[in-house]
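J.: Could you work out the structure for the sequence below:
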Amino acid sequence: MDQRKLARGIVYTVMAVTIVFVAFAVYSGSKQASKESELQKTGVEVIGTVVRKHKPSGGQSSSTSYVIDVKYKHKDSVLERSFSVNSSRYDELKESDEISITFLPNDPTKSQLTEVLGKSLNGRGFIVD
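T.: Next comes the predicted model:
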């Protein structure tokens, strides 16, 4: 009888953890979608420069992360931000390449690669809406 209670307790615990995980995933996804929507509506596009490419190591994941660091200007400030990209985009880009960035004018630290937003800057080869 005690084993049945233990098994039932484990099943309920797994279900509760799964529900929490799914709720967090939905919340995170909607927050990211909201940021991207705001960038699409009010974002300002500029040309940034790839200053570094790297594949961060660490963590327990066996997958490789591909990251580019990009500098871009806003008013009198130069900002630098890291962006995750897929492996083929990582391989295509070289340090010193230009790439389009879209940022929020009221908070230029909130930014995204324009190509991720599905926009184009003057036909520079990005996907057009």
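J.: Pick out the least confidently modelled helix or strand of this protein, by mean pLDDT.
T.: The helix or strand of the chain with the lowest confidence, counting by mean pLDDT, DSSP states H and E, is helix 2-42 at a mean of 71.
J.: Map the structural domains onto the sequence of the protein.
T.: 1-42, 43-117 (automatic domain parsing).
J.: Could I get these in TSV, plus columns for mean neighbour count?
T.: To be clear about C-beta, it is placed using only N, CA and C from the backbone, and glycine gets the same treatment. Formatted as TSV, the domains of the chain follow (neighbours: other CB atoms under 10 Å):
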stretch	mean neighbour count
domain 1-42	10
domain 43-117	14
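J.: center of this protein - which residue?
T.: Ser84 (5.9 Å; CA atoms, centre = their mean).
J.: and that residue, what are its bridge partners?
T.: Taking DSSP bridges as the rule, Ser84 bridges to Val67.
J.: hang on, it packs against Thr64?
T.: No. At 10.9 Å, Ser84 and Thr64 do not qualify as touching, with contact defined as CB atoms under 8 Å.
J.: Contacts only, for the residue nearest to the centre of the chain.
T.: Ser65, Tyr66, Val67 (CB atoms under 8 Å, 6 or more residues apart in numbering).
J.: Try it again at 10 Å.
T.: Pro56, Ser65, Tyr66, Val67, Ile68, Tyr90, Leu113, Val116 (CB atoms under 10 Å, 6 or more residues apart in numbering).
J.: so the first one sits in a helix?
T.: By that I understand Pro56. No. Residue state for Pro56 (DSSP: H, G, I helix; E, B strand; the rest coil) corresponds to coil; a helix is not indicated.
J.: What does the pLDDT read for it?
T.: Note on Pro56: pLDDT of 82.
J.: wait, doesn't it sit right on Thr64?
T.: Yes. Using CB atoms under 10 Å, Pro56 is in contact with Thr64, at 8.9 Å.
J.: residues shared between the contacts of these two?
T.: In contact with both Pro56 and Thr64: no residue, using CB under 10 Å, 6+ apart.
J.: just to revisit the earlier point, can you check the pLDDT for the residue nearest to the centre of the chain?
T.: pLDDT, read off for Ser84, is 90.
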